[in-house]
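Enquirer: test case, fold it:
(3 chains)
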Amino acid sequence: MIAEHPVIQVLIPLLGAPLCVLAARGVFAYWVALACSLASLFVATRLLTSVMATGPIVYELGGWAAPWGIEYRIGPLNSFVLLLVALLGALVMLAAKKSVDSEIPRERRHFFYAAMMLCQTGLLGITITGDAFNVFVFLEIAALSSYILIAMGHQRRALYASYQYLIMGTIGSTFILISIGLLYQMTGTLNMADLAARLPAVGDTRTVLISFAFFMVGVSLKMALFPLHMWLPNAYTYAPSAVSAFLAATATKVAVYVMIRFLFSIYGPAFAFEKIDVSQILGALALVGIVLMSAAAIFQTNVKRLLAYSSVAQIGYIVLGISFANVNGLTGGIVHLFNHGLMKGGLFLTVAAVVYRVGSSDLNAFRGLGRSMPITMFLFVLGGLGMIGVPLTVGFISKWYLILAAIETGHWLAVALVLLSSLLAVIYVWRVVEFAYFQPRDRSSDPVGEAPLSMLVPTAILVLATIVFGVSTEWTVGVARAAAVFLLGGHS
Amino acid sequence: MRHHSILRAVTKFFLPYILLFALYTQFHGDYGPGGGFQAGVIFAAAIILYGLIFTPKLARRVVPYRAVYIFMALGILLYAGVGIATILLGGNYLDYNALNHHHPVHGQHLGILLVELGVGITVAAVVICIYYAFADRLES
Amino acid sequence: MNEQFGLFNYWVVITLMMTGFYILIARQNLVKKLIGLNIFQTSVFLLFITMGKVRGGTAPILDKSIEIYSNPLPHVLILTAIVVGLATTALGLAIVVRIDHVYETIEEEEIHDLERGIKR
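Expert: Next up is the predicted model:
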């Protein structure tokens, strides 16, 4: 049965979406969505263990052999990302019910869950496929459903944020489409492995260079790499809380995965890093983004927006790791991709709990919450420590590998800026802590209770995972290192 | 559109042929140009034409919202269902040969017919739904 | 000169792409932006269709009299991309309708002003 798992992974949420629509009113849609998310988490876990034990899995859709048909090809890197998406999908869905009930009108809830399922389908599909055009299709499925999800935010600004994201996201994916088209024109194939084999022969042509340029700009828009991040803060601030948590933890990470995949296993490190030397510009943008966006996060008065800016900065860390193009850097980037997904998912879920109880994610709404919502705020602090990169949290592990790689390649400036940004992270996490623990709650406002258990448990799982994987690193770092070696295969 | 009797008469005359042409495009798609996408859009075009001439309100009596949503979902389920059937019959996902072990070519026929039918149903429902979404705004 | 004319389609693609992109960036009206986005996407469709053309080839239909036919794969790809474009446009317009409903304007600057609390 494991042989059929790759397609089942994508099929489960794809089937979940129409079932949610059919379920219509009532809570049935939620249970369908939850069951599908849990099932896809189960499948993702089995895929990862199987890949780590026996090597890559290949699945040919429709029984068509590789260069002609679409194939799903699962190696260590994408099974790792699959697990991240499925894990966050399941945990966010577990926590979502109360939050969604309070934020989404009753008659739209089943559409909300259907869109959530489609978004998972898209993200899982991007990650699993081995066909370049298929990436574009799934990219659009994920993007279109996330525009819908963001537009469902209850403030009117959500609509405008969603529109902005729609314009930017469509430009990004159209750029990627152009690049795939130019690659097809030069090689006559869309299969990633086949592309990689045929590209070196035509690597000197201008068409391939232009396709590379289009791809890099398009994917940078998708993953909100500074300075193409303008859509992200609004989108994550005004989206429904559960959506913010899911998208912040997965959507940009999957875009980063697409970049890694294209850079290393289509264009190849020899083309991307030696011929064009993309690491210069990627590294520079990443560093500027890390510092500026961490600084911007300090000045935000809305906690969701603060976390969104910090997300842009964290994307910078991942890209910095990739730009070193050596085993340590790539390991750091990939492990941070996973770790940051856990941390941001956890942090956004605590904010979702606050929004559920207090009704706002404004910094002022956090006054005195340290006393009235002790567990939620404690989880926020633990997640915040991870963002800073305190030892024994996952944030430390990823930064450790990034700094190792920077020292290896002699980028002392990068070391200094990564450390500086950790200090900036201390400040923006502290701002929330100060409001929660050291400012009294308004006398006039209603008393607030602790978040419901259904939200606390998934949040706690995510946050505790950031501690567990910070202490025992063999598993995450092991998988990430296997992925890095696999990607650099023969090159390092 | 109360007084445009020519438009109303011509529309009534055309509707069955548009629907018939949609079905032709749908079911002849495996031999000639055509298929689910095109057929779905043509089918929806008939409903949209009806809505344009005889007001969206009447069109919604022909194809109510609820039906649109149900068909939207059923189309995807049919498409994915064929895939699951091929897996259960021992092939890969959407490997139509598995649908008929004795005559793989018959399996191919059946498979593509059902999948295109699913695509056609969903496309028709989605296009009609898009039309309703915008047409309702003018009425309210 | 002849060589340049042979690339006619590509010139059209570039012109359309730049026109669409310009509208997308320069216009403030949300609907006009979507029109720009559409022109931009259309140029990409044309790019794909052009690369599928084989000189002297006909439509890729199985028939004994046909020997040279165009590459059908880009057509199929672009059929998918057109559907994606349709969905994007429909969703974009639906969002614009809702924006018009709550803000009573579809001009970008007026929306910004409304959000900053500037009365007009």
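
Enquirer: and the residue of chain C closest to chain B?
Expert: Nearest to chain B in chain C, going by Cβ to the nearest Cβ, is residue C:90, at a distance of 4.7 Å. The way it works is simple: take the backbone N, C-alpha and C, and place the C-beta from them, glycine included.

Enquirer: what's the neighbour count on that residue?
Expert: 18 (other Cβ atoms under 10 Å in any protein chain shown).

Enquirer: quick check: closest non-adjacent residue to it.
Expert: Excluding the flanking residues, the one nearest residue C:90 by Cβ to Cβ, 6 or more residues apart in numbering or on different chains is residue B:130, at 4.7 Å.

Enquirer: helices or strands up against the helix or strand where that neighbour lies?
Expert: Using DSSP states H and E, residue B:130 sits in helix B:104-139. Helix B:104-139 makes packing contacts with helix B:5-27, helix B:36-62, helix B:65-88, helix C:72-103 when contacts are defined by 3 or more Cβ pairs under 8 Å, 6 or more residues apart in numbering or on different chains; DSSP states H and E.

Enquirer: could you list the residues in contact with the host helix or strand of residue A:218?
Expert: In this structure, residue A:218 sits in helix A:206-222 according to DSSP H and E. By Cβ atoms under 8 Å, 6 or more residues apart in numbering or on different chains, the residues outside helix A:206-222 that reach it are A:139, A:143, A:168-169, A:171-176, A:178-183, A:185-186, A:199, A:202, A:228, A:252, A:255, A:258-259, A:262, A:267, A:271-272, A:276, A:278, A:285.

Enquirer: what ranges do the helices span in chain C?
Expert: Using DSSP state H, the helices of chain C run over C:2-6, C:8-26, C:30-52, C:72-103, C:108-116.

Enquirer: equivalent analysis for the stretch 251-400 of chain A, please.
Expert: In the stretch 251-400 of chain A, the helices defined using DSSP state H, counting those that start in this stretch lie at A:269, A:278-298, A:303-324, A:327-358, A:369-372, A:374-388, A:394-408.

Enquirer: next, the angle from the fourth one to helix A:303-324.
Expert: Using axes from the mean of the first three to the mean of the last three Cα atoms, to 10 degrees, the inter-axis angle of helix A:327-358 relative to helix A:303-324 is 170 degrees.

Enquirer: under the pLDDT cut-off, which ranges of chain B? List them.
Expert: Along chain B, segments meeting pLDDT under 70 span B:1-2, B:139-140.

Enquirer: relative to residue B:137, how far out is the residue in it positioned nearest to chain C?
Expert: Scanning chain B for the residue nearest chain C gives residue B:130, at 4.7 Å (criterion: Cβ to the nearest Cβ). Relative to residue B:137, residue B:130 is positioned 12 Å away (Cβ to Cβ, to the nearest Å).

Enquirer: these two: which is more packed in?
Expert: residue B:130 (20 against 13).

Enquirer: that one reaches residue C:91, doesn't it?
Expert: No: between residue B:130 and residue C:91 there is no contact under Cβ atoms under 8 Å: 9.1 Å.

Enquirer: residues of chain B that sit close to chain C?
Expert: Residues of chain B that fall close to chain C, judged by Cβ under 8 Å from any Cβ of the partner chain: B:32-33, B:37, B:130, B:133-134, B:137.

Enquirer: now with 10 Å?
Expert: Within reach of chain C by Cβ under 10 Å from any Cβ of the partner chain, chain B has these residues: B:31-33, B:35, B:37-38, B:41, B:119, B:123, B:126-127, B:129-131, B:133-134, B:136-137, B:140.

Enquirer: from these, list the buried ones, please.
Expert: Buried members of those, counted by 16 or more other Cβ atoms under 10 Å in any protein chain shown: B:35, B:37-38, B:41, B:119, B:123, B:126-127, B:129-131.

Enquirer: so where is chain C shaky, pLDDT-wise?
Expert: Low-confidence segments of chain C (pLDDT under 70): C:1-6, C:118-120.

Enquirer: show me which residues of it sit near chain B.
Expert: Residues of chain C that fall close to chain B, judged by Cβ under 10 Å from any Cβ: C:59, C:61-62, C:79-80, C:82-83, C:86-87, C:89-91, C:93-94, C:97-98, C:100-101.

Enquirer: mind running it again at 8 Å?
Expert: Chain C comes close to chain B at residues C:59, C:61, C:79, C:83, C:90, C:93-94, C:97, as judged by Cβ under 8 Å from any Cβ.

Enquirer: for residue A:437, pull up the helix or strand it's in.
Expert: Assessed by DSSP H and E, residue A:437 sits inside helix A:412-438.

Enquirer: phi, psi for residue A:226 please.
Expert: phi -50, psi 140 (degrees, to the nearest 10).

Enquirer: I figured it hits residue A:295, correct?
Expert: No: here residue A:226 does not reach residue A:295: they are 11.7 Å apart, not a contact under Cβ under 8 Å.

Enquirer: ok, residue 21 - contacts?
Expert: No chain in the question, so chain A it is. Contacts of residue A:21 (Cβ under 8 Å, 6+ apart): A:110-111, A:114, B:69, B:72-73.

Enquirer: that answer is for a different chain, and I need it for chain C
Expert: Each residue near residue C:21 by Cβ under 8 Å, 6+ apart is listed here: C:36, C:40.
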